[in-house]
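Peer 1: Sequence first, then the predicted structure:
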Amino acid sequence: MKRDMSIYSLISLDLLNLNMVILCRSSDYTKLGAFKMRKYLFLLIIVMVLALAACGKTVGNTEKTVDSMTNQTEETDSNETNQPVEEGSSKTDSSEQSLKLQVLKGDAEAGATVDNNDLYIGLNKIIQENPDIGIEKDFSIYVVNIVHDHEGNPKIVLFGINKLPVAIKNFSFDYTLGNKDNEFVWEKQRVSMPEEETGVLQPNSAVPVILSLTPEQEELLKTLNGKNKVMAIDNFTFEEVK
């Protein structure tokens with residue numbers, strides 16, 4: 001499915017509060033048909049609401065409000081044993097490369113590039129200003145912000161960052177985000193990034209992951225902070241591209 005990325009207003013898109021880091025250790029994940037290893041996940045939660053200016057259905061100037069969050073580091077329970085990547089796998093030393101923004105396959109087929117599309121221009125600026133985000137030799141998710149489309153529907157924009165030594169495709173995971181009162185924006189929500197829409201995510205590369213929000217989910221998301229937040233990622237799976 002091809003998506004019109006121009007419907008998102010991304011003026012002044014930023015990755016804010018970089019000193020507020022949540023470290024979540026997920027449960028075991030499996031590379032399909034291959035090795036099993038322990039996954040460490042960095043989740044950077046930033047809530048930024050961008051409101052469209054009243055100018056029809058075109059992208060215009062926006063007003064933004066930032067919901068600041070208290071500095072807090074949290075960690076979910078898990079074992080701390082990593083298992084090595086199989087010998088013979090296609091590998092690159094991602095630590096020696098600069099992080100790159102990768103255009104989703106569906107968007108590239110629709111003509112989007114990092115130079116001609118508001119979404120990718122904004123996201124690419126974030127990566128250029130924060131080149132060290134992501135976990136070496138691992139896959140991580142960073143929450144960037146909330147945006148609204150031209151109809152006012154809220155979306156949350158995340159980075160999926162691959163710093164594994166292999167290219168991956170058809171990756172997916174169960175995502176939980178809520179508070180300690182058992183109120184959830186998502187609870188074990190399956191997020192899938194199929195190859196036909198996402199393409200192959202190369203090592204040391206990031207792609208946008210965009211999830212729809214209901215108004216109720218948006219309001220709950222705005223109440224989360226470092227003290228009441230509960231997050232988890234489980235059942236991360238992917239296929240290695242050799």
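Peer 2: Here it is on my side, so go on.
Peer 1: Between the two ends of stretch 111-126, how far is it?
Peer 2: With Cα to Cα, to the nearest Å as the measure, stretch 111-126 spans 21 Å from end to end.
Peer 1: buried sites along that stretch?
Peer 2: For stretch 111-126, a neighbour-count test (16 or more other Cβ atoms under 10 Å) marks 112, 114, 117-126 as buried. Using the backbone N, CA and C atoms, a C-beta is placed for each residue, glycine as well.
Peer 1: Can you name the next helix or strand after the biggest helix by length in the chain?
Peer 2: If you go by DSSP state H, the chain has its longest helix at helix 118-129. Next helix or strand after helix 118-129 toward the C-terminus (DSSP states H and E): strand 139-148.
Peer 1: Give me the contact list for the helix or strand just after that next one.
Peer 2: Once the chain leaves strand 139-148, the next helix or strand it forms, by DSSP H and E, is strand 154-162. Contacts of strand 154-162 with the rest of the structure, by Cβ atoms under 8 Å, 6 or more residues apart in numbering, involve 8, 99, 123, 126-127, 133-135, 139-149, 168, 171, 193, 201-215, 217-218, 221.
Peer 1: what number of residues lie near Pro194?
Peer 2: Other residues near Pro194 come to 14 when the count uses other Cβ atoms under 10 Å.
Peer 1: Please enumerate the helices of the chain.
Peer 2: Under DSSP H, the chain gives helices at 105-109, 118-129, 195-198, 215-223.
Peer 1: Now do the buried residues in stretch 211-221.
Peer 2: 211, 213, 217-218, 220-221.
Peer 1: circling back: with pLDDT as extra columns, can I get the buried residues of stretch 111-126 in JSON lines?
Peer 2: Shown next, in JSON lines, are those (pLDDT from 0 to 100):
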{"residue": "Ala112", "pLDDT": "95"}
{"residue": "Val114", "pLDDT": "95"}
{"residue": "Asn117", "pLDDT": "91"}
{"residue": "Asp118", "pLDDT": "88"}
{"residue": "Leu119", "pLDDT": "86"}
{"residue": "Tyr120", "pLDDT": "93"}
{"residue": "Ile121", "pLDDT": "94"}
{"residue": "Gly122", "pLDDT": "92"}
{"residue": "Leu123", "pLDDT": "93"}
{"residue": "Asn124", "pLDDT": "95"}
{"residue": "Lys125", "pLDDT": "94"}
{"residue": "Ile126", "pLDDT": "93"}
